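Undergrad: Next one to model:
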Amino acid sequence: MTLLESTKAKDSFSDTLNRTAYAKERIILTRHGKPLAALVPLEDLALLEELEDQADVEAARAALAEAEEKGTMSWEEFKASLGR
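TA: A predicted model of the protein is given here:
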């Protein structure tokens with residue numbers, strides 16, 4: 001991945017955007033030498049969102065399995081367990 005100072009990215013925004021959009025380059029924007037944000041091609045973002053969705057589905061399945069195994073409590077029981 002390419003590191004690019006944010007001020008340089010601002011000064012050449014069109015070129016920086018084209019490098020990401022058309023050359024599929026991943027660019028890490030830095031400020032004072034520290035990574036701040038990243039520009040990634042839309043295809044990379046779509047893949048990341050798909051992976052996040054899959055992780056969410058797996059977490060939901062695990063939570064449902066735990067609820068079936070351990071049972072659940074009502075809202076009133078939960079509030080009482082908090083002392084409310």
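
Undergrad: CA only for contacts and neighbour counts going forward, please
TA: Noted.

Undergrad: Backbone dihedrals for L3, please?
TA: Main-chain torsions, L3, degrees, to the nearest 10: phi -100, psi 130.

Undergrad: what about it, neighbour count?
TA: Neighbourhood size, L3 [other Cα atoms under 10 Å]: 14.

Undergrad: what's the answer for S6, then?
TA: 19.

Undergrad: Hmm, it is touching T30, no?
TA: Yes - assessed by Cα atoms under 8 Å, S6 is found in contact with T30 at 5.5 Å.

Undergrad: Would you map out the domains in the chain?
TA: Taking automatic domain parsing as the criterion, the chain consists of the domains 2-40, 43-81.

Undergrad: Can I get stretch 4-16 as CSV, trimmed to CA atoms?
TA: Coordinates of each C-alpha in stretch 4-16 appear next as CSV, following Å, rounded to 0.1, in the frame of the first residue of the first chain:
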residue,chain,number,x,y,z
LEU,A,4,0.5,9.6,1.1
GLU,A,5,0.5,12.7,3.3
SER,A,6,-3.0,14.1,3.5
THR,A,7,-1.9,17.6,2.3
LYS,A,8,-0.4,16.0,-0.8
ALA,A,9,-3.5,14.0,-1.4
LYS,A,10,-5.6,17.3,-1.1
ASP,A,11,-3.3,19.1,-3.5
SER,A,12,-3.6,16.3,-6.1
PHE,A,13,-7.0,15.0,-5.2
SER,A,14,-8.1,14.1,-8.8
ASP,A,15,-4.9,12.1,-9.4
THR,A,16,-5.2,10.4,-6.0
